[in-house]
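Student: Starting from these lines, generate the structure:
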Amino acid sequence: MPSIDRPRADAPQEKGPSYGPFQLKPDFAGTCARADVVDVNLGHTPESFVGAAHCQITGQPAPAEVVDRWAKRMREAYYVRRIDVVRSLCAEHKRECKLAYSDPWKAQVELSGAPERRTKRDIGAVFMFFFDCPGGTNCGMDWANTHAPGMEGPTSLLGVKSGERAPYHPSQVGFWRRELLDAKYAGLQFLMLNTYGPDIADGKLKPLKQALDSLDSPIKVAFFDDTWTWGQPYFGDFWKKKPDLQDPDAAAKTIYESKWKPFYSQIDKAHWYRFGGRPFVYFYNSGTLEPRSKTAPLVAKLKSLFKADFGEEPFVDVDVAYFDDPAMQQVADAKFKWMTFDIPQRRHRSTMNGHVIDHAMVKWDAVNRDRPGQTANAHDRCVKGGQLLERVLKESLDAELLILATWNDLGEGTGIHRNYDYFADGQWLVPHHFMQLIRASQSGGK
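Tutor: All right, here's what the predicted structure looks like:
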């Protein structure tokens, strides 16, 4: 597999976190006892963590050799995660362990206010909202390696009123409000909502509208058309039938009426993100719409339908896979490549039509999602720290726009939003670690 950016054992490590408003709870120093449920997040250093895990799994203090071996691996092997140590110790002691993930921080604090901006570059991030927390679709705690507040159950951080608590769920106004506030604090100009279709039906974006209306000068919202839903059996007969691109007019009408129109109809125009003065759309390929060689007429028709209804033509940034149709060069406004770990620059740059638009994926850990119950290995694309994000931020300063993929995909591990258990290079990273890097870049130009 291609190499990816990661710290070497002999290289200077990423600067330790500045805790700022966050404070860690006391480190593990309790009585050593076997636990029915093993808390993966006890212990702040590799040594104290291994000790805490061994105590919970066996009821016995960890031998020095075990502590030294695992602590060394956690510091020197980029892919070794806390959960890998726990699962390995459980297997070694022939125990099938139930796992929990406590918040190691004393409190999840309020973050608000955009940084003073000193760059001309806009930054946006793809935003996932197909969550059914706690415990439902995309919300199993073991399914993700890092965890957002509210994923396991209601939290005051996602409440709207004093004393109110809410889960990490798109039906909650506080879910949207918190992410909009945190994204603004990070220095983003917009969030691009990863839309499947069933997730916006029947007015489901009303909580987003309420959140936007409750905020003073919120960041903007853009539209990401995720085509994965077509042909899937989970959402009813309508979505089982894929639009046929051999008939682009009919296909465009189906896609537009079920996704583009209901999305933009539920959000006030004042909150639309515009690039070059035009509503911004990402059109993603997930291998469902065929034939790809016939996609240019589809996108052209989608743009014309939008203009007829809303009075303006959208700026459509199209997945590179759809350029199998040579005519797409004349229809698309820009192009993007979703997975950027396999290109040398670690980011994709589009210069179509005189615009410079960068796209990058800067974090990754999909092991829990893709191989449930297994441990990570050297062939996995585990990117846990902020080294790649720092590189992308620096090298994209001359772009008009940078899109980060993603803000909050929990299972894929690409999220850079507030998570309470980021752990890299042998230490906890503050919950807003990646947000701070963006904020510093936008305000300092680095």
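Student: Just give me the longest helix of the protein.
Tutor: The longest helix of the chain (DSSP state H) is helix 295-310.
Student: May I see the buried residues of that helix?
Tutor: Applying a neighbour-count criterion of 16 or more other Cβ atoms under 10 Å, one finds 295-303, 305-306, 310 buried in helix 295-310. From N, CA and C alone the C-beta is placed, and that goes for glycine too.
Student: okay if I get the residues you listed as CSV plus pLDDT?
Tutor: As requested, the buried residues of helix 295-310 are exported to CSV (pLDDT from 0 to 100):
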residue, pLDDT
295, 97
296, 98
297, 98
298, 98
299, 98
300, 98
301, 98
302, 98
303, 98
305, 98
306, 98
310, 98
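Student: Closest one to residue 319 out of those, please.
Tutor: residue 295 (9.2 Å; Cβ to Cβ).
Student: Send over the longest helix of the chain as PDB, restricted to the C-alpha atoms.
Tutor: Extracted as PDB, the C-alpha positions of helix 295-310 are listed here (Å, rounded to 0.1, in the frame of the first residue of the first chain):
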ATOM      1  CA  THR A 295     -23.000  11.600 -16.400                       C
ATOM      2  CA  ALA A 296     -22.500  15.000 -18.100                       C
ATOM      3  CA  PRO A 297     -26.000  15.300 -19.300                       C
ATOM      4  CA  LEU A 298     -27.300  14.400 -15.900                       C
ATOM      5  CA  VAL A 299     -25.300  17.100 -14.100                       C
ATOM      6  CA  ALA A 300     -26.300  19.700 -16.700                       C
ATOM      7  CA  LYS A 301     -29.900  18.800 -16.200                       C
ATOM      8  CA  LEU A 302     -29.600  19.000 -12.400                       C
ATOM      9  CA  LYS A 303     -28.100  22.500 -12.700                       C
ATOM     10  CA  SER A 304     -30.900  23.700 -15.000                       C
ATOM     11  CA  LEU A 305     -33.600  22.300 -12.700                       C
ATOM     12  CA  PHE A 306     -32.100  24.100  -9.800                       C
ATOM     13  CA  LYS A 307     -31.900  27.400 -11.600                       C
ATOM     14  CA  ALA A 308     -35.500  27.100 -12.700                       C
ATOM     15  CA  ASP A 309     -36.600  26.700  -9.100                       C
ATOM     16  CA  PHE A 310     -34.200  28.900  -7.200                       C
END
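Student: name the helices or strands packed onto that helix?
Tutor: Secondary-structure packing of helix 295-310 (3 or more Cβ pairs under 8 Å, 6 or more residues apart in numbering; DSSP states H and E): helix 248-255, helix 261-265, strand 278-283, strand 315-319, helix 328-331.
Student: orientation of that helix relative to strand 315-319 in degrees?
Tutor: 150 degrees (axes from the mean of the first three to the mean of the last three Cα atoms, to 10 degrees).
Student: one step back: for residue 203, state which of the buried residues of helix 295-310 is nearest.
Tutor: Residue 203 lies nearest to residue 310 out of these, by Cβ to Cβ, at 18.3 Å.
Student: Make JSON lines from the helices and strands packed on helix 295-310 and add mean neighbour count, mean pLDDT and distance to residue 133 to it.
Tutor: Below are the helices and strands packed on helix 295-310 laid out as JSON lines (neighbours: other Cβ atoms under 10 Å; pLDDT from 0 to 100; distance: least, Cβ to Cβ, whole Å):
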{"stretch": "helix 248-255", "mean neighbour count": "18", "mean pLDDT": "98", "distance to residue 133": "29"}
{"stretch": "helix 261-265", "mean neighbour count": "17", "mean pLDDT": "98", "distance to residue 133": "22"}
{"stretch": "strand 278-283", "mean neighbour count": "24", "mean pLDDT": "98", "distance to residue 133": "25"}
{"stretch": "strand 315-319", "mean neighbour count": "23", "mean pLDDT": "98", "distance to residue 133": "29"}
{"stretch": "helix 328-331", "mean neighbour count": "16", "mean pLDDT": "98", "distance to residue 133": "38"}
